[in-house]
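Asker: Here is the input, now give the coordinates:
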Amino acid sequence: MEPMSPTPAPPPAAPPTPATSLPGRLMNVVAAPGEVFAGIKATPPSVANWLVPVLIFAVIGMISVCIMFAQPAIQQTVRDQQVKALDKQVQQGKITQAQEDQALQVMEKFMGPTMLAIFGSISIVIYGSPRFSAGPWCCGWRGDGCSKPNLTTGRPWRLPGCPPSFPPSAW
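Answerer: Next up is the predicted model:
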């Protein structure tokens, strides 16, 4: 048997780049997005990279909805739209006048400013947060340089189901 030659030691790995803190990344995404995405690409995946911005968006959205639906003018506009829709159904013969009156009573009881704020907040969380987090994907921007147009269609990459208006022509 021949003695085995010692295997050479692997070269030392390049020193890791210092990771930016989450608040730093959130602030720098506007000021220096290239650096933020390079840092994210160089570090292991983290749920906080997408979850924290989505939660911030949801909280800001909920506060905005509560402030918005506290305005009497907006409450009146919502009520007017509901009454108009009910009147249209009565004119089309879909419901009777008695059913419209009953629906209006239920609306008065359950559709006050508090319920409008609750339903609006729930809507922001359910519908707004996924759009916020998937928006860059719908626009063809994935943060890794893959926003080049598809060679077969000439359009940027999109998630299925994204509106065709993305990306806006001004981008």
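Asker: mind listing the helices for the protein?
Answerer: Assigned by DSSP state H, the helices in the chain fall at 22-31, 33-42, 48-69, 72-91, 97-110, 113-123, 129-138.
Asker: Which of those helices has the lowest mean pLDDT?
Answerer: Set side by side, those give their lowest mean pLDDT on helix 129-138, at a mean of 57.
Asker: contact partners of stretch 63-79?
Answerer: Residues from elsewhere that reach stretch 63-79 (C-beta atoms under 8 Å, 6 or more residues apart in numbering): 107, 111, 113, 116-117, 120-121, 123-124. Any C-beta I mention is one placed from the backbone N, CA and C, and that applies to glycine too.
Asker: so which of these comes closest to Asp101?
Answerer: The closest of the contacts of stretch 63-79 to Asp101 turns out to be Met107 (C-beta to C-beta; 10.7 Å).
Asker: Pull out the buried members of the contacts of stretch 63-79.
Answerer: 107, 111, 116-117, 120-121, 124 (16 or more other C-beta atoms under 10 Å).
Asker: Need those residues in TSV (columns: distance to Ala31).
Answerer: Listed next are the buried ones among the contacts of stretch 63-79 as TSV, based on distance: C-beta to C-beta, whole Å:
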residue	distance to Ala31
Met107	47
Met111	43
Leu116	37
Ala117	34
Gly120	32
Ser121	31
Ile124	27
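Asker: before we move on, back to that, tell me the one of the contacts of stretch 63-79 nearest Lys41?
Answerer: The closest of the contacts of stretch 63-79, once distances to Lys41 are taken by C-beta to C-beta, is Ile124, at 30.3 Å.
Asker: show me what contacts that closest one?
Answerer: Ile124 neighbours (C-beta under 8 Å, 6+ apart): 58, 61-62, 64-65.
Asker: Compare those residues and tell me which has the most neighbours.
Answerer: Val65 (21 neighbours; other C-beta atoms under 10 Å).
Asker: how near is the residue lying closest to that residue once chain neighbours are set aside to Gly61?
Answerer: Among residues not flanking Val65 along the chain, Gly120 sits closest, at 3.6 Å (C-beta to C-beta, 6 or more residues apart in numbering). Gly120 sits at a distance of 9 Å from Gly61 (criterion: C-beta to C-beta, to the nearest Å).
Asker: Ok, Glu35 next?
Answerer: Per C-beta to C-beta, Glu35 is found 28 Å from Gly61.
Asker: same question, Lys41
Answerer: From Lys41 to Gly61 the distance is 29 Å (C-beta to C-beta).
Asker: Same check on Ala85?
Answerer: 25 Å.
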